[in-house]
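Chemist: Got a sequence here, can you model it:
(one chain, ligands or ions: 1)
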Amino acid sequence: MKPTNIKQLQAQSRRMQAHRVDRHTLVVQSTSNPQANHIVTVEFDKEDIVQARCTCQWALNRGVACTHVMAALEYLASKKNRTLSFWPTREDAQRQKQRVFYLAGQGKDEDQDNGVWITSRTG
Ligand SMILES: [Zn+2]
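Modeler: Just a heads-up that it's a prediction; the model follows:
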């Protein structure tokens with residue numbers, strides 16, 4: 001399950017605080033509850049595929065690319081001086097002529113249509 005309003009979520013995620021706990025784990029503030037945090041784990045594999053998990057309700061319901069995961073990935077990218085954009089389809093991402101990553105959907109996702117696409121650019 002991927003979000004329909006991906007650009008809106010991305011704008012929201014850019015205002016969220018994230019910090020790194022260890023190599024694969026980040027803590028991201030909750031948007032619905034300012035007293036709460038969500039834990040995001042991120043793993044990259046060699047095919048430029050990103051696997052991410054989050055503790056929020058959207059992720060627990062098999063949703064991919066919640067604002068917390070986006071905020072976590074943007075935080076990691078910012079440390080390498082890179083900026084990310086999120087796209088609903090591979091075609092949208094490839095049109096950007098930048099490096100492309102795939103944020104995998106949950107469960108079986110061999111056709112790569114449950115997840116979202118990420119482009120990365122300098123600056
Ligand atoms: Zn989340």
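
Chemist: Kindly report the residues of this structure close to the ion.
Modeler: Neighbours of the ion within the chain, by CB under 5 Å from the ion: 38, 54, 56, 59, 66, 68. Using the backbone N, CA and C atoms, a C-beta is placed for each residue, glycine as well.

Chemist: mind checking which helix or strand the residue located most distally from the centre of the chain is in?
Modeler: Taking CA atoms, centre = their mean, the residue of the chain most remote from its mean C-alpha position is Q35, at 22.0 Å. Here Q35, judged by DSSP states H and E, is contained in no helix and no strand.

Chemist: Give the residue spans of the protein that score low on pLDDT.
Modeler: 107 (pLDDT under 70).

Chemist: Show me the helices in it, by range?
Modeler: 6-13, 57-60, 67-78, 90-94 (DSSP state H).

Chemist: so which of the ones you listed gets nearest L26?
Modeler: With distances scored as CB to CB, the stretch of these nearest to L26 is helix 67-78 (4.2 Å).
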